[in-house]
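Asker: based on what follows, work out the 3D shape:
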Amino acid sequence: WVLIGTQTASADASLTQTGLSATYKMYAVVATDLVPSTDGSYASLRVGDSSGVDSGSSDYRYHNHLRSANAAGYQANTSTGDDVSRFSGNVGNATGEGFSAVIYVANTTTQRIGFSGTGNGTNAAASDQATSIGGERKAVITMDRIQILFDAGNITSGIFSVYGLANS
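Answerer: Numbers count the residues shown, from 1 in each chain. You can find the predicted model right below:
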């Protein structure tokens, strides 16, 4: 793993790591202790190229499932056309709440950029949650940046790191 960059949130609308290239065919996004300013917000990911972050209303599709010790089944978050790829359930912002995840981002210029990973945290109802993450950018791009954000409010605190995974 080669560290590309780390950012620490402090009431930021989003965090964007640039400097990605075709050097790595796989990147790892490590989001640690993300806390939203708005209770019950969803953590999300976007990618972009030299033109900026892609945020069109149907640029992404995703399917995530969330499990909790307080529920017998699971909750699914899905979309076939959204402006982000969600990677959490609703995240709480009270003391001790927040969300962390490791997301792998496949970097290819011949296929759609795919996302997969896992996360865990505490939701707005103070219940634990574990999530499996899957999604993609619906068009092929030459990715050079990754962004994380919440669907409402700012990222009050947390750490966002991006690593390039070397093949040899």
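Asker: every contact and neighbour count from this point should use C-alpha atoms.
Answerer: Noted.
Asker: contact partners for the residue positioned nearest the centre of the chain?
Answerer: With distances taken as CA atoms, centre = their mean, the chain has residue 45 as the residue nearest its mean C-alpha position (3.7 Å). Contacts for residue 45 (CA atoms under 8 Å, 6 or more residues apart in numbering) come out as 84, 85, 86, 87, 146, 147, 148, 149.
Asker: ok, now residue 42?
Answerer: For residue 42, the contacting residues are 86, 87, 88, 89, 90, 91, 150, 151, 152, by CA under 8 Å, 6+ apart.
Asker: leaving out the residues flanking it, which one is nearest to the fourth one?
Answerer: Put plainly, it is residue 89. Counting by CA to CA, 6 or more residues apart in numbering, residue 42 is the residue found nearest to residue 89 once chain neighbours are left out, at 5.7 Å.
Asker: what bridges to the one you found?
Answerer: Residues in a beta bridge with residue 42, per DSSP bridges, are residue 90.
Asker: about what we covered before: give the buried subset of the contacts of residue 42 as a PyMOL selection command.
Answerer: Here is the PyMOL selection string for the buried members of the contacts of residue 42, based on 16 or more other CA atoms under 10 Å:
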select buried, resi 86+87+88+89+90+91+150+151
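Asker: now for the contacts of residue 42: which two are most distant?
Answerer: 87 and 152 (14.2 Å; CA to CA).
Asker: residues near residue 136, how many?
Answerer: Residue 136 has 23 neighbouring residues, counting by other CA atoms under 10 Å.
Asker: and what about it, helix, strand or coil?
Answerer: strand (DSSP: H, G, I helix; E, B strand; the rest coil).
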